[in-house]
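Asker: Predicted model and sequence below, questions to follow.
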Amino acid sequence: MNYILFETEIDRGNLLPFTFTRPVSEIRCGILTLTDKWKRYLEGPLTFKTQSYLQTKFKMEASSSNIMLNGTVFPNSALVTEINSLQLNEALYWKEILVAAHVNGTDELTATKRIDSSVKELIKLNFTYDIFAKNGRAIEDDFELLTKGRISQPISPTNQVVKPARVFIEEGATVEFSILNASTGSIYIGKDAEIMEGCKVKGPFALCEHGGLKMDAKIYPATTVGPYCKVGGEVNNAVFFAYSNKGHDGFIGNAVIGEWCNLGADTNNSNLKNTYEEVKLWNYRTEKFEKTGLTFCGLMMGDHSKCGINTMFNTGTVVGVAANIFGAGFPRNFIPSFAWGGAQGFETFIIKKAFVTAEAMCARRGVAFDDIEKDILKAVYDESAKYRFWEKA
């Protein structure tokens with residue numbers, strides 16, 4: 001069977017700025033991206049139906065008969081069994097959520113017969129803050145998926161460990177002279193990852209392949225440090241996608257940090273209002289600040305964004321793609337893509353200069369910043385122009 005992950009415009013809009021640069025299923029929540037979760041359950045090709053400017057990188061390969069999968073849904077064995085039982089022109093729903101459809105072509109809405117799922121619980125990403133809010137549960141589910149029937153590498157005796165049976169260390173990873181407390185959740189340490197001396201980690205926690213914790217890092221539950229990310233200081237319930245750095249002291253909490261971001265030394269975000277009121281967060285789809293239902297909500301930062309030393313982010317701040325933030329004071333709590341500046345005001349980060357910065361950071365990790373990546377950022381630059389209010393002044 002041929003599988004294609006699709007996204008609705010509503011879901012894509014609610015998950016911006018992260019979906020500016022990726023399909024919804026390429027979001028990381030837990031140890032794996034949603035795409036990788038689906039790959040673990042399915043037998044057959046898996047491609048994407050996404051925004052046209054992303055299709056060069058995230059290709060779609062359709063056959064005469066396809067199963068379209070909702071890219072915001074977390075798979076499980078029972079759900080996949082129902083999906084693989086779908087006949088042509090049947091669509092699987094969980095309550096009013098379209099989960100999958102077996103169709104000719106690639107239109108997920110052409111299925112005519114509704115099948116109601118008997119799965120008791122469905123996990124789905126609806127908004128950006130779901131990424132950190134559902135991360136603890138996702139880590140536990142991915143931990144079971146990745147480690148079932150396998151044996152961890154031995155834990156060095158230099159460490160202090162609580163509940164070592166819930167700690168899994170992949171080949172090539174190193175952990176020395178640190179505290180690992182898995183009594184509150186599982187701890188997963190990926191291939192060739194490193195936890196430096198003096199770190200304190202409380203699960204659930206995931207450190208993905210080639211990721212690193214710097215000396216004396218303090219990591220609270222429901223945190224994911226994605227592949228090739230380097231993180232130090234204090235982190236609580238945050239998700240770093242991949243290739244991003246928070247190399248120094250400072251607090252990041254109830255936050256999502258995209259790819260190729262860099263947080264300068266002593267960067268901090270507030271995750272709680274002084275009044276303890278519900279946090280509102282900028283929503284790109286509605287183009288206004290929307291209630292989250294959360295008391296704790298920190299920073300949402302899109303790919304390729306950077307901030308200088310001592311940057312302070314207010315509660316519920318959204319930063320777009322390729323923004324560069326610096327200077328004293330709190331910048332506004334919605335910072336558009338390709339913004340350059342801070343609390344004192346913004347100008348536009350010229351796209352050619354943004355390319356130079358991106359190329360330099362990618363080169364440090366041995367990754368090519370090619371024409372495909374440039375074309376994606378050009379499309380984001382154009383789409384996000386309407387939010388750069390200073391260009392209209």
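Answerer: Looks like it came in fine. Numbers count the residues shown, from 1 in each chain.
Asker: contacting residues for the most centrally placed residue in the chain?
Answerer: With the centre of the chain defined as its mean C-alpha position, the nearest residue by CA atoms, centre = their mean is residue 28, 3.8 Å away. By CB atoms under 8 Å, 6 or more residues apart in numbering, the contact set of residue 28 is 131, 224, 226, 239, 241, 242. Where C-beta positions appear, they are placed from N, C-alpha and C, glycine not excepted.
Asker: same check, this time on residue 276
Answerer: Counting by CB under 8 Å, 6+ apart, residue 276 has contacts residue 295.
Asker: measure it to residue 313 for me?
Answerer: Applying CB to CB, to the nearest Å, the value for residue 276 to residue 313 is 18 Å.
Asker: before we move on, what about residue 325?
Answerer: 8 Å.
Asker: so what sits against both of those two?
Answerer: 307, 319, 331.
Asker: Which of those has the largest number of neighbours?
Answerer: Ranked by neighbour count (other CB atoms under 10 Å), these have residue 319 at the top, with 28 neighbours.
Asker: Low-confidence stretches in the stretch 251-393 of the chain?
Answerer: 393 (pLDDT under 70).
Asker: same thing but at 90, please
Answerer: Within the stretch 251-393 of the chain, the stretches with pLDDT under 90 are 391-393.
Asker: how about the helices in this protein?
Answerer: For the chain, applying DSSP state H gives helices covering 9-14, 34-41, 77-84, 130-133, 135-147, 351-364, 371-383.
Asker: can you tell me which of these comes nearest to residue 162?
Answerer: helix 135-147 (16.1 Å; CB to CB).
Asker: what helices or strands is the closest one leaning on?
Answerer: Using 3 or more CB pairs under 8 Å, 6 or more residues apart in numbering; DSSP states H and E, the elements in contact with helix 135-147 are helix 34-41, strand 167-169, strand 187-189, strand 205-207, strand 223-225, strand 234-240.
Asker: For residue 61, which of the ones you listed is the nearest?
Answerer: Of all the helices and strands packed on helix 135-147, helix 34-41 comes closest under CB to CB, at 14.3 Å.
Asker: and that closest one, how far from the chain's centre?
Answerer: Averaging C-alpha positions (CA atoms, centre = their mean, to the nearest Å) puts helix 34-41 15 Å from its chain's average.
Asker: Buried ones in it, by neighbour count?
Answerer: 34, 35, 36, 37, 38, 41 (16 or more other CB atoms under 10 Å).
Asker: Report the contact partners of the nearest residue to the fifth one once chain neighbours are set aside.
Answerer: Okay, so that is residue 38. In space, and not counting its chain neighbours, residue 38 is closest to residue 75: 5.3 Å by CB to CB, 6 or more residues apart in numbering. Contacts for residue 75 (CB under 8 Å, 6+ apart) come out as 37, 38, 40, 41, 42.
Asker: pLDDT and distance to residue 299 added to those, as a markdown table?
Answerer: Conversion of the contacts of residue 75 to a markdown table gives the following (pLDDT from 0 to 100; distance: CB to CB, whole Å):
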| residue | pLDDT | distance to residue 299 |
| --- | --- | --- |
| 37 | 98 | 25 |
| 38 | 98 | 28 |
| 40 | 96 | 30 |
| 41 | 95 | 32 |
| 42 | 95 | 34 |
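Asker: quick one on the thing from earlier: and the pLDDT at the residue nearest to the centre of the chain?
Answerer: As predicted, residue 28 sits at a pLDDT of 98.
Asker: any idea how far it is from residue 367?
Answerer: Counting by CB to CB, the gap from residue 28 to residue 367 is 17 Å.
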